[in-house]
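Colleague: Sequence and predicted model, in that order:
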Amino acid sequence: SDSLRKQDLLADNCRVLEESGSMTELRMAKEEVLVLQKHIMAMQMENQAEQEKHAHEMNELRGITKTRLDDAELGKSHALDEAEGVWRKHLGVIQSDMVLLRESERVAHDENKAMRLSVDIMATQLQAANSEREAAQAA
């Protein structure tokens, strides 16, 4: 911006010098214009390089962010898979416990039946013994 103003002023000076006819001053002014033009070109190239560097850095940051998001998503997926596996194992244990509980109930029921039969047998034996004793006493 400052260089552009200088260039415009020098261009105006060159026109004035051309009109006045001072060739030495004209040549010096033209050389100064060339130096300023080179300086402006160098600044533009430097600015473009900075913009490219900034764009490259932004792309790298976007890539890093995307990678981190992808890693987080993958980690979440693994955690969900692991939680599902733990849940399935837990469910399997509960189902096994249910089978064992049913089997225990069946065994308890069978033991209860056996106990009743045993009591019935003892009652029958007791009645038979009582009948024998009564028969022996009557005789």
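Modeller: Sure thing, it's come through.
Colleague: what's the host helix or strand of Gln95 packed up against?
Modeller: Secondary structure assignment for Gln95, by DSSP states H and E: helix 23-138. Counting contacts by 3 or more C-beta pairs under 8 Å, 6 or more residues apart in numbering; DSSP states H and E, helix 23-138 packs against helix 2-20. For glycine as for every other residue, the C-beta is placed from the backbone atoms N, C-alpha and C.
Colleague: Could you list the low-pLDDT ranges of the chain?
Modeller: Within the chain, the stretches with pLDDT under 70 are 17-18, 20-23, 26.
Colleague: roughly how far apart are the residue positioned nearest the centre of the chain and Met43?
Modeller: Nearest to the mean C-alpha position of the chain, counting by C-alpha atoms, centre = their mean, stands Ala72 at 2.1 Å. Separation of Ala72 from Met43 (C-beta to C-beta, to the nearest Å) stands at 43 Å.
Colleague: count of neighbours near Gln44?
Modeller: Counted by other C-beta atoms under 10 Å, the residues lying close to Gln44 total 10.
Colleague: Thanks a lot, see you next time.
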